[in-house]
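Participant: this one's structure only:
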């Protein structure tokens, strides 16, 4: 069954064949990601996973995949090459995904920020187990991204104090 312009329900089914309705929020955010990145295709490597299949691939019986609110994806560029996991994570964060995990040329994305789940935020790198407290943002511009308005705020004047010490005493000081 067609869910959006670029996604069909069969893309999200479990390896065992189970195919419950996926989170509409997840599918709509994936559609937004598709357009934002100007993608040729977004490939769903893993969508819904029943608890048994999730455990078989290293997940848990209660992870976001088992709740039909997660997908592991790869994104193909118009030229046929692939976006990096870092590129996908950056756009996913901009769109509002609360669960983002980088993998080799792929990303885990979920909607834990807006749907019932054990925690409402997780950014990580599944390749090495690191968790991120801050952001994936690098300022990259993507093909489907709307142009940004130039900043109209003047930067605040900055000053610094240069101090030179000799034997614990200031011998030179200048405001730069």
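Facilitator: Structure received. These figures come from a predicted structure and were not determined experimentally. Residues are numbered from 1 along each chain as shown.
Participant: pLDDT of stretch 87-104, averaged?
Facilitator: Per-residue pLDDT values over stretch 87-104 give a mean of 95.
Participant: What are the buried residues along that stretch?
Facilitator: Using 16 or more other CB atoms under 10 Å as the burial criterion, the residues of stretch 87-104 that qualify are 87-95, 97-103. In this view, the C-beta of every residue, glycine as well, is placed from N, C-alpha and C.
Participant: How about stretch 22-37?
Facilitator: Of all the residues in stretch 22-37, those buried under the rule 16+ other CB under 10 Å are 22-23, 25-27, 29-34, 36-37.
Participant: One more: stretch 127-134?
Facilitator: Quick answer for stretch 127-134: no buried residues (16+ other CB under 10 Å).
Participant: where in the chain is pLDDT low?
Facilitator: 146-165, 168, 170, 172-176 (pLDDT under 70).
Participant: Report the central residue of it.
Facilitator: The centre of the chain sits closest to residue 89, judged by CA atoms, centre = their mean, with a distance of 2.9 Å.
Participant: so it is in which element?
Facilitator: helix 85-95 (DSSP states H and E).
Participant: Who are the packing partners of that helix?
Facilitator: Judged by 3 or more CB pairs under 8 Å, 6 or more residues apart in numbering; DSSP states H and E, the packing partners of helix 85-95 are helix 24-36, strand 70-76, strand 99-103, strand 106-110.
Participant: For residue 50, find the nearest of those.
Facilitator: Ranking the helices and strands packed on helix 85-95 by proximity to residue 50 (CB to CB) places strand 70-76 first, at 13.1 Å.
Participant: Sweet, I'm off.
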